[in-house]
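A.B. asks: The sequence and its predicted three-dimensional model are supplied below.
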Amino acid sequence: MEKDIITLITEENSGFSKGKKLISKYITENYDKAAFMTAGKLGKTVGVSESTVVRFAAELGYDGYPGMRKALQEVIRSRLTSVQRIEAANELTDSLNFLPTVLRSDMERMQTTLNEINKNDFNEVVEIILNSANIYIVGMRSSFCLANFMWFYMNLIRENVRLMHDMSTCEIFEQIFRIREGDVCIGISYPRYSLQTVKAMEYAKKKGAAVIGITDAKTSPLSGISDISLFAKSDPVAFLDSLTAPLSLINALVAAVGVRGKDDLFDTFKQLETGWAENGVYEKKSG
């Protein structure tokens, strides 16, 4: 797992000049504010020149100040409380334009996910799912809706698909204790990351199962546990998480698994359609 910028600054602090130590101190104490400042504003706030701020970013290994600011924005996704997110959202958005703002942001996250996702990793995850004896899916709190969606459709096209429910740590263990080599555990978590999901994935890895993470960035705790991680952007700022891109990624995974087993898929849905019709699952078209 990659170090986040706050950890990096703390480790490098002793080697900074006096001016850069001022920047370091301000960022570590006010990262939620610094994440949205220009280089000039940050310099003015701490009493150094804009060029000193730019050199500070370069010394940390970032390709310019925008790269450092992006790293700070990634940190606040996992560190900000719900109250802090609301305060940040109030500063950045116009309440009268929430609809276009949110929809455009979601479209940008989708495009970024498409541009940055590793296609080879995606294809390898499809192979692992297809070849696994049992599939365990875990996602807690806001990520549970993603896990439940994935389970619903994966359960239609694959046998032995298990959804782990959002319960106590003890009950989570009881749901996964039979996992073994030849199985796969798919963990889904977005900021603020669920500790229960992390523990479930650690246990699955210890038991020899393949471990797949669906999360937002390499700094996610899931990335350090997973054999393969698939990243879909969420970038929450307000009190809620944007799960549009992760849901689309899961759609793509389920579709790919289904298409790879297209002969079985046809027979499966033929039987399902018969059962749905006999049991009145869906409303019949009138006329």
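C.D. replies: Good, I have the coordinates.
A.B. asks: Angles on the backbone of residue 140, please.
C.D. replies: With angles defined as degrees, to the nearest 10, residue 140 sits at phi -110, psi 160.
A.B. asks: I misspoke; the intended subject was residue 162.
C.D. replies: Torsion angles, degrees, to the nearest 10, at residue 162: phi -120, psi 130.
A.B. asks: In the protein, mark out all the strands, start to finish.
C.D. replies: Ranges of strands in the chain, per DSSP state E, are 135-139, 161-164, 184-188, 210-215, 228-231.
A.B. asks: Next, the angle from the longest one to strand 135-139.
C.D. replies: This points to strand 210-215. 30 degrees (axes from the mean of the first three to the mean of the last three Cα atoms, to 10 degrees).
A.B. asks: Note down every partner strand of strand 210-215 and its orientation.
C.D. replies: Strand pairing for strand 210-215, determined by DSSP bridges: strand 184-188 (parallel), strand 228-231 (parallel).
A.B. asks: Point out where the chain drops to low pLDDT.
C.D. replies: For the chain, applying pLDDT under 70 flags the ranges 1-3, 77-98, 166-170, 235-241, 261-263, 265-266, 285-287.
A.B. asks: about what we covered before: most tightly surrounded among the strands paired with strand 210-215?
C.D. replies: strand 184-188 (a mean of 29; mean count of other Cβ atoms under 10 Å). (Glycine included, C-beta is placed from N, CA and C.)
A.B. asks: and for that one, what are the contacting residues?
C.D. replies: 128-129, 132, 134-139, 143, 146-147, 150, 176, 179, 197-198, 200-201, 204-205, 209-215, 222, 225-226, 246, 250 (Cβ atoms under 8 Å, 6 or more residues apart in numbering).
A.B. asks: What of stretch 21-35?
C.D. replies: Against stretch 21-35 from outside (Cβ under 8 Å, 6+ apart): 5-6, 9-10, 12-13, 16, 42-43, 45-48, 52-53, 56, 69, 72-73, 75-76, 79-80, 84, 88.
A.B. asks: Buried only: go through the residues you listed for me.
C.D. replies: When the contacts of stretch 21-35 are checked for burial by 16 or more other Cβ atoms under 10 Å, the buried set is 5-6, 9, 16, 42-43, 45-46, 48, 52-53, 56, 69, 72-73, 75-76, 80, 88.
A.B. asks: longest helix in the protein, by residue count?
C.D. replies: In the chain, with assignment by DSSP state H, the single longest helix is helix 98-116.
A.B. asks: nearest spatial neighbour of residue 138, skipping sequence neighbours?
C.D. replies: residue 164 (4.2 Å; Cβ to Cβ, 6 or more residues apart in numbering).
A.B. asks: center of the chain - which residue?
C.D. replies: Closest to where the C-alpha atoms of the chain average out (Cα atoms, centre = their mean) is residue 215, at 2.5 Å.
A.B. asks: I figured it was touching residue 225, is that so?
C.D. replies: No - using Cβ atoms under 8 Å, residue 215 is not in contact with residue 225; the gap is 10.1 Å.
A.B. asks: Which stretches in the stretch 1-150 of the chain count as helices?
C.D. replies: 5-12, 18-29, 31-34, 39-46, 50-59, 65-79, 82-92, 98-116, 119-131, 144-157 (DSSP state H, counting those that start in this stretch).
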